[in-house]
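Trainee: 3D model of this:
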Amino acid sequence: MIFNGEVYNFREVAAKYNITPVTTSDSEIIVEAFAKKGIDCVNDFNGMFAIAIWDRQEEKLYLIRDRVGIKPLYYYHDGNEFVFASELKALFLLPLEKKINRNSIADFLYLGYIPGEHTIYEKFRKIPPASYAIVSKSGLSVHAYWKPEEKLRPEVVKDEIIAKSVLKSLLESSVKYCMISDVPLGVFLSGGIDSSTVAAIAQAQSSKPVKTFSIGFRETKYNESVFAGNVARHIGSDHHEFTVTEQDAMHLVDKLTDIYDEPYADSSAIPTYMVSQLARKHVTVALSGDGGDELFMGYSAYTWAQRLDNPLVEQLRNPIAKTLHLFGNNRIKRGSKVFNYPTAARKKSHIFSQEQYYFAEHEINELLIQPASITIEEELQQTYRKLTSVEEQSFFDLKNYLPEELLVKTDRASMQHGLEVRVPLLDYRLVEFAVNLSQKLKIKNNIAKYLLKQVLYDYVPASLFDRPKWGFAVPLRIWLGTELKYLLDKYLSPQVIEECGLVRNKPVQQLKKNFLAGQDYLYNRLWTLIILHKWYKEKHS
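Mentor: Numbering: from 1, shown residues only. The predicted structure is shown next:
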């Protein structure tokens, strides 16, 4: 066996399978459980893992990935050779055919990441979350062992008192599991709801101050470190913080393509890298708050899903979009693009794309030199109750944005420093609870993540969170007009655009012109193009 990650409940698994451990390692229990029950043992594992097991008797290789996709697992398969690794760069060490997947370029410009099983190269793929692959002489097959949509029950949990009690118990159990460690442990603390919940529960379960870590920015609007400091003082953690500057960002931009191996556009990779670097000076394991927004409806995308579900808005969306774009300020111009989704089948991904300021599908068709298709899967094959548009949007994020973007960001940034990051909010028991929780307990009286906040307020006063949601964002819009402006010239010059041959030059130059003339909401479109061309020049020139 080769194993990356943690199975937190290995002691319970050992007891269930009547395994008498010789070591204190979860690795031993995984192998023994597999020997007793075969691949079905994975249903008993609670943790984050990528596992490879060679069955000598059956002459089969099993590759297994955790339910939510916290740990990555890549492979190359051409019908003859099969190679697997935790990172693409490990596969690149071999002389394998690297043909660019043109559809992945379209996906990247649309979403800022490459979704599903695909990568930027045609024969390099990902084992999906909650799946295992079997490789044998007869070939390769991939099977799902868990799907959150199959955990939907006919009735949702509506009673707030019962729901809060169950949620609190599950959170405490998950954080307790994640704190099992024989090395120093800490918590990423941004000062937001999710990380504060994890930090507060971790501190409540610890007999000494837990180390917490946050990142700040000089630009006040983006600086949440002061809020993180307030939370840390209240819970009594041992708090550490670091301020990120444009110079830090400039230094890191050059590293991004090496860290992520393929185009990846989330600029919050920069502070995630910095907070991992800071944490690793003090601890070997850190807990993160990833997952709270997807499970408990914390994004403004969910407001958009509800808004666009209005039959009148649906009927008038095109004239609304045109009017807002013509007469609105930058914020309203950006919002106008959300109304302009191409079809109902593309609505969820379009909301995500335009909420994140990326290219719309029609813009990508005009931009790309070689035709390509967007491949994102957004329809749920089967559900056991009818979902609202908001629940469907939440599922879209849970199955796409979370595993293929957010968890990728955290895993790569932390592992660069040899830091293991655990994600208590994504315990599969919490996921199964959340998908069956009434939407009215997730968004109540226009309060997003309502029930999660009620649990948090048992530990930390609500007054510490009386401010707009911001998240772990960097002031990229400002930086691209100042210290990072050189990137526009270096990677989006007519010469570089022509040289790479990926997109048409004219719309790129117009985009730059509009951005520099004051349409600053276009910054993420430019950032994706910078990253795409930087990656291409470094990997293919």
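
Trainee: make it CA atoms for all contacts and neighbour counts henceforth
Mentor: Fine.

Trainee: So for stretch 318-330, mean pLDDT?
Mentor: The pLDDT scores in stretch 318-330 average 88.

Trainee: Would you map the strands across the stretch 151-300 of the chain?
Mentor: All strands of the stretch 151-300 of the chain, identified by DSSP state E, counting those that start in this stretch, fall at 185-188, 211-217, 238-244, 285-287.

Trainee: Columns mean neighbour count on top of those strands, output as JSON lines?
Mentor: Output for these, formatted as JSON lines (neighbours: other CA atoms under 10 Å):
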{"stretch": "strand 185-188", "mean neighbour count": "26"}
{"stretch": "strand 211-217", "mean neighbour count": "25"}
{"stretch": "strand 238-244", "mean neighbour count": "18"}
{"stretch": "strand 285-287", "mean neighbour count": "24"}
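
Trainee: which one of those lies closest to residue 10?
Mentor: Residue 10 lies closest to strand 285-287 among the strands of the stretch 151-300 of the chain, at 18.2 Å (CA to CA).

Trainee: All the strands of the protein, in order from the start?
Mentor: With strands called from DSSP state E, the chain shows them at 2-7, 47-55, 60-65, 74-77, 82-85, 124-126, 131-136, 139-144, 185-188, 211-217, 238-244, 285-287, 420-422.

Trainee: low-scoring stretches of the chain, by residue?
Mentor: 219-224, 468-473, 541 (pLDDT under 70).

Trainee: How is it partitioned into domains?
Mentor: By the assignment in automatic domain parsing, the chain contains the domains 2-147, 150-297+388-465, 478-541.

Trainee: Throw the ones you listed into TSV and include distance to residue 351, thanks.
Mentor: Listed next are the domains of the chain as TSV, based on distance: least, CA to CA, whole Å:
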stretch	distance to residue 351
domain 2-147	10
domain 150-297+388-465	9
domain 478-541	15
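
Trainee: Among those, show me which one is buried the most.
Mentor: Counting by mean count of other CA atoms under 10 Å, domain 150-297+388-465 has the highest mean neighbour count of the domains of the chain, with a mean of 20.

Trainee: And it, how far out from the chain middle?
Mentor: 11 Å (CA atoms, centre = their mean, to the nearest Å).

Trainee: That domain: end-to-end distance?
Mentor: Taking CA to CA, to the nearest Å, domain 150-297+388-465 runs 35 Å from one end to the other.

Trainee: Residue 227 and residue 309, how far apart?
Mentor: Residue 227 is 35 Å from residue 309, by CA to CA.

Trainee: Equivalent analysis for residue 172, please.
Mentor: Distance from residue 172 to residue 309, by CA to CA: 36 Å.

Trainee: Also residue 14?
Mentor: Distance, residue 14 to residue 309, using CA to CA: 49 Å.

Trainee: Please name the nearest non-neighbouring residue to residue 47.
Mentor: Spatial nearest neighbour of residue 47, excluding adjacent residues (CA to CA, 6 or more residues apart in numbering): residue 7 at 4.4 Å.

Trainee: Isn't that neighbour up against residue 43?
Mentor: No: using CA atoms under 8 Å, residue 7 is not in contact with residue 43; the gap is 11.6 Å.

Trainee: what's the distance between residue 160 and residue 201?
Mentor: For residue 160, the distance to residue 201 - CA to CA - is 20 Å.

Trainee: Residue 218 versus residue 479, what's the distance?
Mentor: Residue 479 sits 12 Å away from residue 218, taking CA to CA as the criterion.

Trainee: and if you look at residue 501?
Mentor: Distance from residue 501 to residue 218, by CA to CA: 38 Å.

Trainee: now swap in residue 59 and tell me
Mentor: For residue 59, the distance to residue 218 equals 57 Å [CA to CA].

Trainee: Specify the beta-bridge partners of residue 4.
Mentor: residue 50 (DSSP bridges).
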